[in-house]
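Predicted model and sequence below, questions to follow.
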Amino acid sequence: MAKQLVMPPDNYTVRLDYMKKIREWNKDLSKKRKVFVQTFGCQQNEADSEKYLGMAVDMGYEPTNTPDNADLIIVNTCAIREHAEKKALSIIGQYKHIKAKNKDLIIGVCGCMVAQEHRREELKMKYPYVTFTLGTASLHHLPRVLWETIESKKRLITTDSLEDFTETVAEGMPIRRGSGYRAWVSIMYGCNNFCSYCIVPYVRGRERSRKKEDIIAEVKALVTEGYKDITLLGQNVNSYGKETDTDFADLLAELDAIEGDFWLRFMTSHPKDASHKLIDVMANGKHIAHQFHLPLQSGNDTVLKAMNRHYDMARYMSSVHYMRLKMPDITITSDIIVGFPGETEEQFEDTLKALRNVEFDMLYSFIYSPRKGTPAAEEEQVPDTVKGSRFDQLLTTQNEIALSKNQPMVGNTVKVLCDGISKGESSIYSGRTEGNKIVFFHGTPDMIGQFVNVEINKAEAFALWGEIIN
Ligand code: SAH
Ligand code: SF4
Ligand code: F3S
């Protein structure tokens, strides 16, 4: 299919030129144009949205927290499960009414969903008020695409991919972060693993790493600015620097050497290559949070093989044991998928058994969702009722485990990074521990964004409660 819009190779100066054009166009208006960014999906998407917002603000837009008065709406979509796509499409559907009131409104749909041709086709045909689409690897092309739609007054919904996944990583983008104390730092993009259920490698392209110097400079600047919780992001951080002579453990060790009072975390690490070297660096670190998100997906070796995960339960357990040996206080969390094609009752029982053996502090559980173009979607599917019942059993089992993991914390004093007033109750504040557990306590506004010490007096499966200790 012919390309409707051919992107010339990106170049930093070209991007700045387009940004300047839009800044001029936005200048001297009696009322500033507003931008609204709506984000679905994972932390990687959150981080990308901070760049979309950063670019928009740099181009003269003012952020707004409602789509109703926006002049530019960017919907940053996710494709991981059908539900995520449905939600985004339903929200985009509602924007029709806003567009009806403001014919100059520009709506851009970005992110993982629009990296799929069938979704772009759908947007083009059924959502005529969507102005442009922009895929994940083309995020830095926003100024150009925006300018081209402004100038031509035409839609730029490409029927062919804009992506060039082999492109080098775009640096130097303005970032508008959500808070002044927690920050995402992408260290690599894409995924080469092709787990048989997963859409990510198709929508985010091949792995490419940022340069170590760029990451170190960004983290140093964040620490200087007072950021206290910095999360390094990648679909499989263990693949960081594979194409060079460095690796993720080395990067982490160098970042840990930065002076300051901050926590450093990372996600996600693939169990097939979570190395002893990495665990040793964590155990010896000053700043590296003793928290490990290690997605297991299934507790059955046959299912793991069908998922193309390249590890078995024995390998997984050995990593868990080594982590607990080196860091007895470590918090371990995981992802589980129930109802993978062909998963039998016995195989599912193995997953429950694995939960009891490992004792995760927290679990993100998902019902398998067939993704068009992935191998598992072609297999015979587990009926929805069976999936639902397995999901419920998984939650019940995990709730007991989570509670039993949290209960021994009662009586302990923990360091908590305060986030602010918890929803609903004005005097109750919430924050997170080094292990990323939620803690509720009586706080004051000056604590927001600061580390506080909280003595725990109550434990639930999903949260801890306590009081500030001076
Ligand atoms: N790169 C990370 C995972 C990113 S996706 C890793 O490999 O660990 C986050 C989680 O979504 C996955 O761990 C998996 O549990 C879940 N997931 C991915 N594809 C899915 C699908 N088709 N249906 C249901 N859950 C899925
Ligand atoms: Fe998806 Fe697997 Fe890559 Fe994670 S490692 S993003 S689950 S393909
Ligand atoms: Fe979704 Fe894309 Fe993240 S598919 S989970 S937003 S990488």
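That came in fine, so what should we check first? Residues are numbered from 1 along each chain as shown. Ligands and ions are numbered 1, 2, ... in the order given.

contacts and neighbour counts: CA atoms only from here.
Will do.

got the buried residues for stretch 348-358?
Phe348, Glu349, Asp350, Thr351, Leu352, Ala354, Leu355 (16 or more other CA atoms under 10 Å).

of all those, which comes closest to ligand 2?
Thr351 (17.0 Å; CA to the nearest ligand atom).

what about the closest one, distance to Asn76?
33 Å (CA to CA, to the nearest Å).

Please apply the same query to Pro295.
24 Å.

more crowded one of these two?
A direct count of neighbours by other CA atoms under 10 Å for Pro295 and Asn76 places Asn76 higher, at 27 against 19.

And what about that one, helix, strand or coil?
Three-state assignment for Asn76 (DSSP: H, G, I helix; E, B strand; the rest coil): strand.

Helices - which of the buried residues of stretch 348-358 land there?
Among the buried residues of stretch 348-358, the ones falling in helices (DSSP state H) are Phe348, Glu349, Asp350, Thr351, Leu352, Ala354, Leu355.

what's the burial count for the closest residue to ligand 3 within the stretch 351-470 of the chain?
Residue of the stretch 351-470 of the chain nearest ligand 3, by CA to the nearest ligand atom: Arg371 (10.3 Å). Arg371 has 18 neighbouring residues, counting by other CA under 10 Å.

Could you do Lys126 as well?
There are 11 residues near Lys126, going by other CA under 10 Å.

Any chance of the backbone angles for it?
Per-residue torsions, Lys126: phi -100, psi -10 (degrees, to the nearest 10).

same check, this time on Leu417
Per degrees, to the nearest 10, the backbone of Leu417 is at phi -90, psi 120.

any idea how far Phe36 is from it?
Where Phe36 is concerned, Leu417 sits at a distance of 28 Å (CA to CA).

and if you look at Lys124?
Lys124 is 21 Å from Phe36, by CA to CA.

ok, the two, which is more surrounded?
Neighbour tally, Lys124 and Phe36, criterion other CA under 10 Å: the higher count belongs to Phe36, 24 against 20.

Report the two of the buried residues of stretch 348-358 separated the most.
Maximum pairwise distance in these, criterion CA to CA, is 11.0 Å, between Phe348 and Leu355.

which residues are in contact with both of the two?
Residues touching both Phe348 and Leu355 by CA atoms under 8 Å, 6 or more residues apart in numbering: Gly299.

Mind jotting down where the helices sit in the stretch 251-400 of the chain?
With helices called from DSSP state H, counting those that start in this stretch, the stretch 251-400 of the chain shows them at 276-284, 301-306, 313-326, 345-358, 384-406.

quick one: low-confidence parts of the stretch 101-250 of the chain?
Applying pLDDT under 70 to the stretch 101-250 of the chain flags residues 159-168.

Could I get the full set of strands for it?
According to DSSP state E, counting those that start in this stretch, the stretch 101-250 of the chain carries its strands in the segments 106-111, 132-134, 182-186, 188-189, 208-209, 229-233.

any idea which of the ones you listed is most buried?
Comparing those by mean neighbour count (mean count of other CA atoms under 10 Å), strand 132-134 comes out on top with a mean of 27.

related to what we said a few turns ago, show me the residues around the residue of the stretch 351-470 of the chain closest to ligand 3 that make contact.
Ile80, Arg81, Glu82, Tyr197, Cys198, Ile199, Ala377.

Make TSV from the residues you listed and add distance to Leu134 and neighbour count to it.
Below are the contacts of Arg371 laid out as TSV (distance: CA to CA, whole Å; neighbours: other CA atoms under 10 Å):
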residue	distance to Leu134	neighbour count
Ile80	17	21
Arg81	20	18
Glu82	20	14
Tyr197	24	25
Cys198	21	24
Ile199	17	24
Ala377	26	18
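
and these as a markdown table, adding distance to ligand 3?
Output for these, formatted as a markdown table (distance: CA to the nearest ligand atom, whole Å):
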| residue | distance to ligand 3 |
| --- | --- |
| Ile80 | 4 |
| Arg81 | 8 |
| Glu82 | 10 |
| Tyr197 | 12 |
| Cys198 | 8 |
| Ile199 | 6 |
| Ala377 | 16 |
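
From those, which land in helices?
Those of these lying in helices (DSSP H): Glu82.

Keep only the contacts of Arg371 that also lie close to ligand 2.
Restricting these to those touching ligand 2 (CA under 6 Å from any ligand atom) yields Cys198.

Let me know the closest of the contacts of Arg371 to ligand 2.
Nearest member of the contacts of Arg371 to ligand 2, counting by CA to the nearest ligand atom, is Cys198, at 4.6 Å.

Would you check how far apart that closest one and Lys326 are?
32 Å.

can you check Glu345 too?
The value you get for Glu345 to Lys326, if CA to CA is used, is 35 Å.
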